[in-house]
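S.K.: pasting the sequence and the predicted model now:
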Amino acid sequence: MYHVLGTPSREPAFVIKAAACAGEGCAHGRKVRLTWNPNPSAEKVTGYTVYFGRNADTVDQKTSDLPIAYPGFDPSAPSVEYDAGSNLGLFYGDRACFRVRAYSEQGESPPSASVCITI
């Protein structure tokens, strides 16, 4: 299991699934867990959006919307977990990059820096 840590400047309400991979080398069962530091309470964050891409410059596919009020989501230790094959369509050896943006009634924050791993 991978833990990717980051600080943004949304279990998920939904995970947008990429086409699941199939065949030899598909990373079904490989868990990718993202964790990040929560925004300060003064920012009145109502949730987080997680974005995915295959390299650091193309992290633009919205994969999760995580409202802080969602049952099971801990806003004091925000995180989300994906199955690399089923949720992200990845094979062993593929690169996966993520960014997180906080949101509130005022809109979305700038994205966190991209964090990348190899499955």
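M.R.: That came through, no problem.

S.K.: hmm, who's touching stretch 26-43?
M.R.: Stretch 26-43 is contacted by residues 1-8, 20-21, 45, 48, 50, 75-86, 88, 90-92, 94, 96, 98, 100, 102, 104, 109, 112, 115, 117, 119 when judged by CB atoms under 8 Å, 6 or more residues apart in numbering. In short, each C-beta sits where N, CA and C put it, glycine included.

S.K.: relative to the whole chain's centre, how far out is that stretch?
M.R.: The chain centre lies 5 Å from the centre of stretch 26-43; the measure is CA atoms, centre = their mean, to the nearest Å.

S.K.: what about it, start to end distance?
M.R.: Stretch 26-43 has an end-to-end distance of 40 Å (CA to CA, to the nearest Å).

S.K.: mind checking how far residue 77 is from residue 88?
M.R.: As judged by CB to CB, to the nearest Å, residue 77 and residue 88 stand 22 Å apart.

S.K.: of all residues in the chain, which one is nearest the centre?
M.R.: Nearest residue to the geometric centre of the chain (CA atoms, centre = their mean): residue 50, 3.9 Å.

S.K.: tell me who's in contact with that one.
M.R.: Residues in contact with residue 50 (CB under 8 Å, 6+ apart) are 10, 12, 34, 62, 63, 64, 66, 80, 98, 99, 100.

S.K.: ok but the last one is inside a strand, no?
M.R.: Right, residue 100. Yes. Judged by DSSP: H, G, I helix; E, B strand; the rest coil, residue 100 forms part of a strand.
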